[in-house]
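S.K.: Provided below are the primary sequence and the corresponding predicted coordinates.
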Amino acid sequence: MKFPVTILAVCFTFAGLAHAAEAVTWKTADQILARIKAPTFPNRDFTITDFGAVAGGQSDCTAAIAKAIAACHTAGGGRVLVPAGDWLTGAIHLKSNVNLHLAEGATLRFSTDPAAYLPVVFTRWEGTECMNYSPFIYAFEQENIAVTGTGTLDGQASEENWWAWAKRDASNKSPAGPDAAALVASGDKNIPVAERVYGAGHFLRPNFLQPYRCKNVLIEGVHIRRSPMWEINPVLCTNVTVRNIDILSHGRNNDGCDPEASRDVLIEGCSFDTGDDCIAIKSGRNDDGRRVGVASENLIIRKCMMKDGHGGVVIGSEIAGGCRNVFVEDCQMDSPNLERALRFKSNARRGGLLENFFMRNVTIGRVAEAIITVDFLYEEGANGPHKPILRNVQLENVTAKSTPRIFYIASFEGAIVDGIKLAHCKFTGVESAELVTHAGHIELDDVTIEPKVKPASLSSRAPGTL
């Protein structure tokens, strides 16, 4: 067997990272954490049954929940309490100073009727702004909002409703295909967002939980099941805490948490078992993302469990606005259906400046593709004028028990992949050759790589060597 590390020697002269490392380090993470503070709420409850909600999962409680939220907001804030029981609802729109709280044993079941998410709202769909179905739980330009408790948010998505919109037929087409293409084209042509109207008669699925242009957001404790697509998607938000969330949803495009063009974000203590990426950081798609021009920055991800998913922590692919300063620590990743631990994906239409990514004290069981994947040939690949840049990626004390390879880097001439450093890491059960094209400087410092079938001469490597 050709062992992977023999093909990488030309890449391992580490240079050009010192300046970036001096500017952004793990001390930066402490500064970010000091700014992130979960909102607090007055000690008063507005129970949805007091506004006409009926348990049992058959009566539509949408209007009752809206009345409770309005009363709570008008009173200056507090908790809108969902008691134990099954409650059927359509779109829920949060207002400032309102904490939607699900008691133990409470389940909000969201209608599978698309009309329950009309009228359309200002939203983003896969990184392009538009007017579309309301996300199941939505807030626009609000402050101090929360969804908390130990209850369950059940989107009731299945192949019979929302997921069928993305399912391809025998000709490799999906109902959403023409709408998705038209939306991307409208963004590239800079058509005003107010004229990008979808919703009824179209097939762009709503996200589950989307605060949009909000400040001081807390999402804590709840269980999320069966989402139409992306589960938690804060867009253009500041000061966001996502804590102790349990997500199990295996539909198409079922990303667990997608912070998008947001800053000062903490994701901690969460469990992800998803049909797509566990955490995917985004900042807008193609020209529309560049028009808005806001990066995702200053994100802390810690003490999370990543199970099934396309990637544990992913940056992209809708990353045209850029991404910087991401810190991942004390996480566990393990599943034969988890494909990568850390993944960057973009192309020459999305572009994006991606810099300063730190991962430490992460334990990986099995991944299906690689520990680090850089895919700059994603979808449109090199076909476009916006060449992505990735620099300053540092992994420390990361271990894996089983992986096909350490690196899968697929880039193209003119794009930049530079300044990757692994220190004090151990990877066992490595199965095959590294796949690396158009990569710059990579350094290994005290990294042990053990193949699945170990050659007698292979052992721990000295700094900067293979």
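M.R.: Looks like it came in fine. Residues are numbered from 1 along each chain as shown.
S.K.: what's the domain layout of this protein?
M.R.: Listed domain ranges for the chain are 1-16+283-466, 35-185+194-254 (source: automatic domain parsing).
S.K.: residue 349 - that's part of a strand, no?
M.R.: No. Judged by DSSP: H, G, I helix; E, B strand; the rest coil, residue 349 forms no part of a strand; its state is coil.
S.K.: all helices in the stretch 201-350 of the chain, in order from the N-terminus.
M.R.: For the stretch 201-350 of the chain, the helices defined by DSSP state H, counting those that start in this stretch occupy 286-292.
S.K.: let me see the ranges of the strands in it.
M.R.: Along the stretch 201-350 of the chain, the segments classed as strands by DSSP state E, counting those that start in this stretch run 209-212, 215-220, 223-225, 238-243, 246-249, 263-268, 271-274, 279-281, 296-302, 305-306, 313-316, 323-329, 332-333, 340-345.
S.K.: sketch out the low-pLDDT regions of the stretch 151-300 of the chain for me.
M.R.: In the prediction, the stretch 151-300 of the chain carries no residues with pLDDT under 70.
S.K.: coming back round to it: mean neighbour count and distance to residue 45 added to the strands of the stretch 201-350 of the chain, as TSV?
M.R.: The way it works is simple: take the backbone N, C-alpha and C, and place the C-beta from them, glycine included. As requested, these are exported to TSV (neighbours: other CB atoms under 10 Å; distance: least, CB to CB, whole Å):
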stretch	mean neighbour count	distance to residue 45
strand 209-212	26	21
strand 215-220	22	17
strand 223-225	21	21
strand 238-243	21	21
strand 246-249	22	24
strand 263-268	23	26
strand 271-274	24	28
strand 279-281	28	32
strand 296-302	24	31
strand 305-306	22	32
strand 313-316	28	37
strand 323-329	23	36
strand 332-333	21	36
strand 340-345	26	42
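S.K.: and of those, who's closest to residue 104?
M.R.: strand 223-225 (11.0 Å; CB to CB).
S.K.: partner strands of that closest one, with direction?
M.R.: Using DSSP bridges, strand 223-225 pairs in its sheet with strand 152-154 (parallel), strand 246-249 (parallel).
S.K.: what sits up against the first one?
M.R.: Contacts of strand 152-154 with the rest of the structure, by CB atoms under 8 Å, 6 or more residues apart in numbering, involve 102, 106-110, 136-137, 147, 208-209, 222-226.
S.K.: and after that strand, which helix or strand comes next?
M.R.: helix 177-188 (DSSP states H and E).
S.K.: could you say what helices and strands that next one packs with?
M.R.: strand 128-132, helix 286-292 (3 or more CB pairs under 8 Å, 6 or more residues apart in numbering; DSSP states H and E).
S.K.: can you say which of those is nearest to residue 63?
M.R.: strand 128-132 (22.0 Å).
S.K.: now do that closest one: distance to the chain's middle.
M.R.: Offset of strand 128-132 from its chain centre (CA atoms, centre = their mean, to the nearest Å): 19 Å.
S.K.: stretch 154-173 too?
M.R.: 21 Å.
S.K.: can you check stretch 318-325 too?
M.R.: So, by CA atoms, centre = their mean, the centroid of stretch 318-325 is 12 Å from its chain's centroid.
S.K.: perfect, I'm done here.
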